[in-house]
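Novice: sequence first, predicted coordinates after that:
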Amino acid sequence: MMKEHYEKMLPGARLWTGDMEVEMDAIEQIRNVTQLPILAGPVVVMPDVHLGRGATVGTVIPTRAAIVPAAVGVDIGCGMLAVKTDLAAADLPGNLNRLRAQIERDVPVGINFHKQPMAPEGTRGAGTLENRMKKLEKRFPKLLILDEMGRFDEPRMWRQLGSLGGGNHFVEICLDAEGAVWIMLHSGSRNVGNTIGQCAMHMARKVAERVDRSLPNRDLAWLDEGTPEFEAYVEGLGWAQEYASLNRDLMLHLVHKALAKNLGREVGFVGEVTNCHHNYARIEEHFGERIWVTRKGAVSARAGELGIIPGSMGAKSFIVRGKGEASSYCSCSHGAGRRMSRAQARKVFTREDLVLETAGVECRKDEGVIDEIPSAYKDIDAVMAAQSDLVDVVATLKQILCVKG
């Protein structure tokens, strides 16, 4: 099997890649991470693994008393949200174009953001959302990493709350196997998370140069517990993760409102909202030790914990329940994972290919999203099969509408 072949090449890693091929550049990145002296155990490699910055996307990195900022990445707290509604497929119009247009009017996409900071009045859980916003606002001026960030457009940051961004971020309306309608979305901490991440990576590289630290790759520079740089980063990291989670909750209410407006009826939720990060770091206990666990394109999958594993914009997605597999640090994949870069996808595929592969989905079908074509991603069924010991599937979703930035 391919997995055994790669494990021989990577003695410091545990792989959940099944029979799928892993690009050699990604193998080299994983090997570099396994050489770090701060590791608290083997690096875990998920089936959606692919080349990233510093560390591969689809990797779980356990560290002792230190964090590698580049391993967390620059979209701190990026993740998924999903909730089942009380609508059935028959409640939706035959043509979803107007609904997509309504969502795109109400949720700023790409580089756009709100003209004024979003007010959660009149939304489900408005009081809680407002309190969360106030706490973020109160804490931000006190963040230690602001000294490193320098000039920063704070008003823009508050207007970006409740906005999607671009790239692989999306809002989707999906159907499950019983025909129930779900809202699902993918986004993170927008410009402020990127700025905090970039600043932390810069601080880590400066520390490495100051102490003459030998690194397999300059992007794998780390920050040690007990140092001012570490304290500033961890504080900013936690803040950005909360910002990202709130951003998804605010977008949910905008999409919920757009759906109700378009249908001319109230829309209820069935069950709880699942809101999970897949680019983040936090302290966890594993094998009797409290360590830092960085999930770069991976989701927490503790026993009974719900998570979301999306496919591409023309494939299935899954609501999953974690099995608590200790050897994976209770983790699973964060999606299908790219099988080719954006630049390569734009060279290989055409608009006609995109139209064909997204047939039946109300979505953009122009040259601007060719790099998001389903064929640029791995087979989600193969990805799920490779991690069957990590999660159980709770619901299988098929998108019928997709909004991309």
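Specialist: The structure has been received and is ready for your questions.

Novice: stretch 139-153 - what's its average pLDDT?
Specialist: The pLDDT scores in stretch 139-153 average 94.

Novice: figure out how far the helix or strand residue 402 falls within is from the centre of its chain.
Specialist: According to DSSP states H and E, residue 402 maps onto strand 391-404. In terms of C-alpha atoms, centre = their mean, to the nearest Å, the gap separating the centre of strand 391-404 from the centre of its chain is 15 Å.

Novice: could you do stretch 263-279 as well?
Specialist: Remark: stretch 263-279 is offset 17 Å from the chain centroid, using C-alpha atoms, centre = their mean.

Novice: with stretch 11-29 instead?
Specialist: Relative to its chain's centre, stretch 11-29 lies at 20 Å (C-alpha atoms, centre = their mean).

Novice: got a list of contacts for that stretch?
Specialist: The list of residues contacting stretch 11-29 from outside it, by C-beta atoms under 8 Å, 6 or more residues apart in numbering, reads 1-3, 6-7, 9-10, 30-31, 34-35, 39, 42-47, 49-52, 54-56, 217, 327-328, 333, 378, 382-383, 385-387, 390. For glycine as for every other residue, the C-beta is placed from the backbone atoms N, C-alpha and C.

Novice: do stretch 132-143 as well
Specialist: For stretch 132-143, the external contacting residues (C-beta under 8 Å, 6+ apart) are 117, 120, 154, 158, 161, 232, 235-236, 239, 242-243, 246, 249.

Novice: export these as JSON lines, with columns for neighbour count.
Specialist: Listed next are those as JSON lines, based on neighbours: other C-beta atoms under 10 Å:
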{"residue": "117", "neighbour count": "15"}
{"residue": "120", "neighbour count": "22"}
{"residue": "154", "neighbour count": "13"}
{"residue": "158", "neighbour count": "20"}
{"residue": "161", "neighbour count": "24"}
{"residue": "232", "neighbour count": "22"}
{"residue": "235", "neighbour count": "16"}
{"residue": "236", "neighbour count": "26"}
{"residue": "239", "neighbour count": "23"}
{"residue": "242", "neighbour count": "16"}
{"residue": "243", "neighbour count": "25"}
{"residue": "246", "neighbour count": "23"}
{"residue": "249", "neighbour count": "22"}
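
Novice: from those, which has minimum pLDDT?
Specialist: Out of the contacts of stretch 132-143, that is residue 120, at 71.

Novice: can you classify that one as helix, strand or coil?
Specialist: coil (DSSP: H, G, I helix; E, B strand; the rest coil).

Novice: contacting residues around it?
Specialist: When contacts are counted by C-beta under 8 Å, 6+ apart, residue 120 touches 126, 129-130, 133, 250, 253.

Novice: and the helices in the chain?
Specialist: Counting by DSSP state H, one finds helices in the chain at the ranges 2-9, 24-34, 69-72, 97-106, 126-139, 146-149, 154-160, 190-210, 228-263, 342-348, 351-357, 380-386.

Novice: any chance of those in a markdown table with distance to residue 284 as columns?
Specialist: Formatted as a markdown table, these follow (distance: least, C-beta to C-beta, whole Å):
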| stretch | distance to residue 284 |
| --- | --- |
| helix 2-9 | 24 |
| helix 24-34 | 18 |
| helix 69-72 | 14 |
| helix 97-106 | 36 |
| helix 126-139 | 23 |
| helix 146-149 | 27 |
| helix 154-160 | 29 |
| helix 190-210 | 20 |
| helix 228-263 | 14 |
| helix 342-348 | 32 |
| helix 351-357 | 38 |
| helix 380-386 | 23 |
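
Novice: the ones you listed: lowest mean pLDDT?
Specialist: helix 2-9 (a mean of 81).

Novice: list of residues touching that one?
Specialist: So helix 2-9 is contacted by 13-22, 27, 31, 45 (C-beta under 8 Å, 6+ apart).

Novice: next, the buried residues of it.
Specialist: 3, 6 (16 or more other C-beta atoms under 10 Å).

Novice: so how far is that helix off the chain centroid?
Specialist: Worked out by C-alpha atoms, centre = their mean, helix 2-9 lies 27 Å from the chain centre.

Novice: again, but for stretch 242-251
Specialist: 12 Å.

Novice: now swap in stretch 381-392 and tell me
Specialist: 18 Å.

Novice: which other residues reach it?
Specialist: So stretch 381-392 is contacted by 16-20, 46-48, 301, 307, 309, 316, 318, 320-323, 325, 328, 331-333, 335-337, 393 (C-beta under 8 Å, 6+ apart).

Novice: how about the helices of the chain, which one is nearest residue 166?
Specialist: helix 190-210 (10.3 Å; C-beta to C-beta).

Novice: and the angle for that closest one with helix 126-139?
Specialist: In terms of direction (axes from the mean of the first three to the mean of the last three C-alpha atoms, to 10 degrees), helix 190-210 departs from helix 126-139 by 40 degrees.

Novice: and helix 190-210, what's buried?
Specialist: Of all the residues in helix 190-210, those buried under the rule 16+ other C-beta under 10 Å are 190-197, 199-201, 203-205, 207-208.

Novice: what's the answer for stretch 358-367, then?
Specialist: Counting neighbours by 16+ other C-beta under 10 Å, one finds that the buried residues in stretch 358-367 are 358, 361-365.

Novice: which among those residues gets closest to residue 405?
Specialist: Among the buried residues of stretch 358-367, and counting by C-beta to C-beta, the member closest to residue 405 is residue 364, at 9.5 Å.

Novice: please list all residues in contact with the closest residue to the closest one other than its chain neighbours.
Specialist: Leaving out its chain neighbours, the residue that sits closest to residue 364 by C-beta to C-beta, 6 or more residues apart in numbering is residue 404, at 5.4 Å. By C-beta under 8 Å, 6+ apart, the contact set of residue 404 is 109, 166, 169-170, 313, 363-364, 369, 372.

Novice: which residues does residue 404 bridge with?
Specialist: residue 170 (DSSP bridges).

Novice: how many other residues sit next to residue 241?
Specialist: 23 (other C-beta atoms under 10 Å).

Novice: then the one 3 residues further on?
Specialist: Counted with other C-beta under 10 Å, the neighbours of residue 244 add up to 26.

Novice: I'd assumed residue 188 was in contact with it.
Specialist: Yes: assessed by C-beta atoms under 8 Å, residue 244 is found in contact with residue 188 at 4.7 Å.

Novice: mutual contacts of those two, please.
Specialist: In contact with both residue 244 and residue 188: 75-79, using C-beta under 8 Å, 6+ apart.
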